[in-house]
Structure formats: structure tokens, C-alpha cells
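Trainee: mind folding the following:
(one chain, ligands or ions: 1)
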Amino acid sequence: MPTTHSFSTSSSQIVCVTGAEGFIASCLVNLLLERGYTVKGTVRNLDFCLLQIEDSKNSYLKALQGADQRLILCKADLLDFDSLRDAINGCDGVFHTASPLTDDPDEAVEPAVKGTKYVIKAAAEAGVRRVVFTSTIAAVYMDPNRSPDVVNWYCYGKTVAERAAWEDAKERGVDLVVVNPVLVLGPFLQPTVNVSIVHVLKYPTGSAKSYANSIQGYVHVKDVAMAHVLIYENPSASGRYLCAESVLHRGDIVQIHSELFPEYPIPTKCSDEVNPRKKAYKFSNQRLKDLGLQFTPVKQCLYDTVKCLQEKGHLPLPRLHSML
Ligand SMILES: NC(=O)c1ccc[n+]([C@@H]2O[C@H](COP(=O)([O-])OP(=O)(O)OC[C@H]3O[C@@H](n4cnc5c(N)ncnc54)[C@H](OP(=O)(O)O)[C@@H]3O)[C@@H](O)[C@H]2O)c1
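Mentor: Just a heads-up that it's a prediction; the model follows:
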């Protein structure tokens with residue numbers, strides 16, 4: 001049975017966020033700092049942080065409000081139990097977000113599964129109050145856009161990782177709650193473009209000449225971060241939380257893009273003119289709404305994503321773009 005822990009206020013709590021410099025995790029770290037938590041964030045390249053090189057990969061974490069007082073960066077790798085144990089030791093809670101976002105079987109599966117098992121083990125040893133694990137919609141259903149003869153190693157790794165998390169948490173008496181987000185978009189803190197943002201970057205850049213006949217769920221990164229925090233802070237939260245605002249066809253996505261940013265060369269043609277248009281699946285995000293989460297509409301999410309890409313110089317401004 002999980003140990004009963006008190007739900008003390010955030011200002012006296014230390015929490016660990018694995019993979020702190022990632023897209024979702026850095027947004028979560030920011031939110032946790034805003035709410036008064038002390039955060040131990042794991043990164044793979046701590047040396048850069050110690051040197052405080054201005055352009056280092058994770059200097060943006062050190063620049064967050066409250067980071068100088070309450071953000072401790074720890075070097076940890078998902079395949080190194082001792083490093084994870086050291087990071088989780090002394091924490092009240094753990095947000096396990098780190099995972100490779102790749103479809104390379106050699107990289108996608110082992111760190112996802114082994115890393116998750118190590119995190120649960122370290123959390124049990126540290127006697128943490130709760131572990132919030134960032135899983136994915138892909139661990140709930142098989143990717144509907146996948147062709148039947150192709151293995152999606154990312155989906156496989158995440159599915160096995162979530163299963164291992166449930167089994168090990170039960171065995172070790174760890175209070176585990178899981179978030180299953182759909183494709184995450186929105187403004188990013190890190191200097192590089194995340195894999196999920198690349199998914200829509202191809203439309204305003206004009207690199208996609210057509211859009212696919214496929215559907216996808218979308219959610220704003222700030223809502224994903226807030227979902228993690230609400231789940232952590234609510235003693236009665238349990239089980240899995242589907243984190244999705246809407247499910248749209250790619251045709252709807254390009255349509256919204258062209259309404260918001262008409263100057264960009266957004267594709268207007270579907271690449272599949274033979275098959276019927278794929279239909280969106282139904283889902284419920286009621287469990288997160290019941291915890292108090294107010295989802296950002298997908299239109300705002302796409303707008304924020306493109307604005308951030310412009311501000312960070314990954315996308316030419318519309319006027320410049322039309323002159324190129
Ligand atoms: N983005 C989405 O649309 C989406 C949707 C559903 C679920 N998720 C889940 O959300 C989580 C975060 O995703 P994200 O989009 O924020 O990805 P991200 O920006 O690529 O962040 C992933 C983080 O994991 C770290 N990591 C990868 N392999 C590691 C290893 N062996 N040891 C230690 N750290 C490692 C990365 O560190 P480095 O920077 O050093 O590589 C990075 O900080 C993942 O669990 C992902 O499966 C994402």
C-alpha cells in the first residue's frame with residue numbers, strides 16, 4: 001500500500017522534474033517555480049550550466065523567475081540509476097517527463113522503459129508523496145495514422161514504459177498518476193525546435209506542398225504543464241488523465257493557419273485525393289476539467305506556436321517571407 005503523505009503547501013516542497021530542459025518539462029519547471037516549489041531538474045549536460053555560458057543549451061532554465069533561489073540542476077541519465085537516485089533523494093514528489101522523442105529502436109525503447117523503472121525505484125527509496133508520469137495518447141491507442149506494416153518504436157517504448165510504471169509502482173507502493181497528452185504545441189522556452197512543433201512548422205514555411213489525410217489531437221503546452229501540477233496537488237487524483245483539447249483533420253489545421261497568417265504559403269491541397277477524408281475520434285478531457293483545468297482553444301495554441309517560432313527566429317516574419 002502507498003504510504004500516506006501530507007499534502008503540504010508548495011512553498012515547502014521539493015520536487016524533481018526529469019529532463020528539465022525539454023519542451024514540456026521546461027514549461028513545467030517554470031510553472032512549479034511560479035507556484036513556489038523548489039525544483040530539482042535533471043539534465044544530461046550539467047557542465048554547461050555550471051560554467052553558465054550564456055548561449056549554453058540550458059541557460060534559459062537558469063534565467064527563469066525564481067531559478068536563482070529555487071532551481072537545482074542535477075546531472076542524470078535515464079540509463080544511470082545512481083544519477084536518478086541522487087536527483088530524487090530528498091524530494092516530496094517527482095515529475096517524470098524525460099524520454100527520447102525518436103523512432104530509432106535503439107534509442108527509443110531502452111531509456112524510456114529502463115529510465116521509468118529506475119525513477120519508480122528511486123521514488124520508492126526516497127518515499128516520495130507522488131510520481132506524475134508523462135505518458136502519451138500513443139500508449140492509450142495505436143497511432144491511427146500508422147500504416148499496418150510499420151512499427152512505431154516511439155509508441156512502443158512509451159506503451160511498455162507506462163505499463164512498467166504501473167507494475168513497478170504497485171509492487172513498490174508508489175503513488176503513481178499518469179498524464180496522456182496528445183500532440184503538444186505552444187510557445188517553447190528552449191532555443192531549438194521540438195519534434196512536435198516541427199509537425200506544424202512545415203505549413204507556414206511552405207516546405208509542405210500538401211497536407212495529409214490524417215487526424216491528430218492537439219493541446220497547449222501550458223495546459224499540459226498545468227495538468228501535471230493539478231494532478232500532483234490534488235490528493236484524490238488517480239489513474240490516467242487524457243490531456244487533449246481537440247482532435248482535428250490536417251485540413252482544419254491548415255485552414256486555421258491560413259486564417260491567422262494568410263501571408264504564409266500554407267498548402268491548400270490534400271495529398272490523398274482518393275480515400276475519404278479521415279474522421280476525428282471522440283475523446284473526453286472531463287477528468288482534467290474536473291480538477292480545474294481550462295483548456296486553451298486550438299486556434300490560440302497554433303497562434304502562440306507560430307508567434308514563438310517568429311520571435312525565436314525559426315520562421316521569417318510574414319512581410320519578410322513574402323519578399324523572399
Ligand atoms: N511533445 C509532444 O507532443 C508529446 C506528446 C505526448 C507525450 N509527450 C511526452 O512528454 C515528454 C516530454 O516530451 P517533450 O516534447 O518535452 O520532448 P523533448 O523536448 O525532446 O524533451 C525530452 C527530454 O528528455 C530528455 N532525455 C531524453 N533521453 C534521455 C536520457 N537517456 N537521459 C536523460 N534525459 C533524456 C531530453 O534530454 P536532452 O535534451 O539531453 O536530449 C529532454 O530534456 C516525453 O515523455 C514525451 O514522450 C510529448
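Trainee: OK, contacts around Arg146?
Mentor: Asn152, Cys155 (CB atoms under 8 Å, 6 or more residues apart in numbering). Glycine gets a C-beta too; all of them are placed from N, C-alpha and C.
Trainee: helix/strand/coil for it?
Mentor: Secondary structure assignment for Arg146 (DSSP: H, G, I helix; E, B strand; the rest coil): coil.
Trainee: what mean pLDDT does the helix ranked longest in the chain have?
Mentor: Secondary structure assigned by DSSP state H gives helix 153-172 as the longest helix of the chain. Per-residue pLDDT values over helix 153-172 give a mean of 96.
Trainee: tell me what the next helix-or-strand element following it is packed against?
Mentor: Once the chain leaves helix 153-172, the next helix or strand it forms, by DSSP states H and E, is strand 176-181. Other helices and strands packing on strand 176-181, by 3 or more CB pairs under 8 Å, 6 or more residues apart in numbering; DSSP states H and E, are strand 130-134, helix 153-172, helix 221-233, strand 239-243.
Trainee: what about the residue of the chain found nearest the ligand, how many neighbours?
Mentor: Sorted by distance to the ligand under CB to the nearest ligand atom, the residues of the chain start with Gly22, at 2.3 Å. Gly22: 23 surrounding residues under other CB atoms under 10 Å.
Trainee: you'd agree it is up against Thr97?
Mentor: Yes: under the contact definition of CB atoms under 8 Å, Gly22 touches Thr97, with a separation of 6.1 Å.
Trainee: which ones are touching Tyr156?
Mentor: Ala108, Val109.
Trainee: list, one by one, the residues from the stretch 101-250 of the chain near the ligand.
Mentor: Applying CB under 6 Å from any ligand atom, we find that the stretch 101-250 of the chain lies next to the ligand at Leu101, Pro111, Thr134, Thr136, Lys158, Pro181, Leu183, Val184, Asn194, Ser196.
Trainee: just the buried members of those?
Mentor: With burial judged by 16 or more other CB atoms under 10 Å, the buried subset of those is Pro111, Thr134, Thr136, Lys158, Pro181, Leu183, Val184, Asn194, Ser196.
Trainee: just flag the most distant two among those residues.
Mentor: Pro111 and Leu183 (21.2 Å; CB to CB).
Trainee: picking up where we left off before, list phi and psi for the residue of the chain closest to the ligand.
Mentor: In terms of degrees, to the nearest 10, the main-chain angles of Gly22 are phi -70, psi 170.
Trainee: returning to that earlier point: buried sites along the longest helix of the chain?
Mentor: 153-159, 161-162, 164-166, 168-169.
Trainee: likewise stretch 273-289?
Mentor: Lys278, Phe283, Asn285, Arg287, Leu288.
Trainee: output it as CSV, nothing but the C-alphas.
Mentor: C-alpha atoms of stretch 273-289 as CSV (Å, rounded to 0.1, in the frame of the first residue of the first chain):
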residue,chain,number,x,y,z
GLU,A,273,-7.4,12.6,-53.3
VAL,A,274,-8.6,9.0,-53.5
ASN,A,275,-9.7,8.0,-50.0
PRO,A,276,-12.5,9.6,-48.0
ARG,A,277,-11.5,12.3,-45.5
LYS,A,278,-10.4,10.6,-42.2
LYS,A,279,-12.8,11.3,-39.3
ALA,A,280,-11.8,12.6,-35.9
TYR,A,281,-12.1,10.2,-33.0
LYS,A,282,-14.1,11.1,-29.9
PHE,A,283,-12.4,11.6,-26.6
SER,A,284,-13.1,13.1,-23.1
ASN,A,285,-10.9,15.5,-21.2
GLN,A,286,-13.5,15.8,-18.4
ARG,A,287,-11.2,14.3,-15.8
LEU,A,288,-8.8,17.2,-16.1
LYS,A,289,-11.6,19.7,-16.3
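Trainee: and it, how far out from the chain middle?
Mentor: Remark: stretch 273-289 is offset 20 Å from the chain centroid, using CA atoms, centre = their mean, to the nearest Å.
Trainee: check stretch 192-204 too.
Mentor: 14 Å.
Trainee: show me what it is in contact with.
Mentor: Contact partners of stretch 192-204, identified using CB under 8 Å, 6+ apart, comprise 22-23, 101, 183-185, 188, 207-208, 211, 216, 253-254, 257, 261, 264-267, 302, 305-306, 309, 314-315, 321.
Trainee: and if you look at stretch 158-170?
Mentor: Residues contacting stretch 158-170 (CB under 8 Å, 6+ apart): 96, 99, 109, 112-113, 115-117, 120-121, 131, 133, 135-136, 138-139, 174-176, 178.
Trainee: let's see which of the residues of the stretch 101-250 of the chain next to the ligand end up in helices.
Mentor: Counting by DSSP H, the part of these found in helices is Pro111, Lys158, Ser196.
Trainee: so where is this structure shaky, pLDDT-wise?
Mentor: Applying pLDDT under 70 to the chain picks out residues 1-9, 47-57, 142-145, 318-324.
Trainee: which ones are touching the residue of the chain closest to the ligand?
Mentor: By CB under 8 Å, 6+ apart, the residues touching Gly22 are Thr97, Ala98, Gln190, Asn194.
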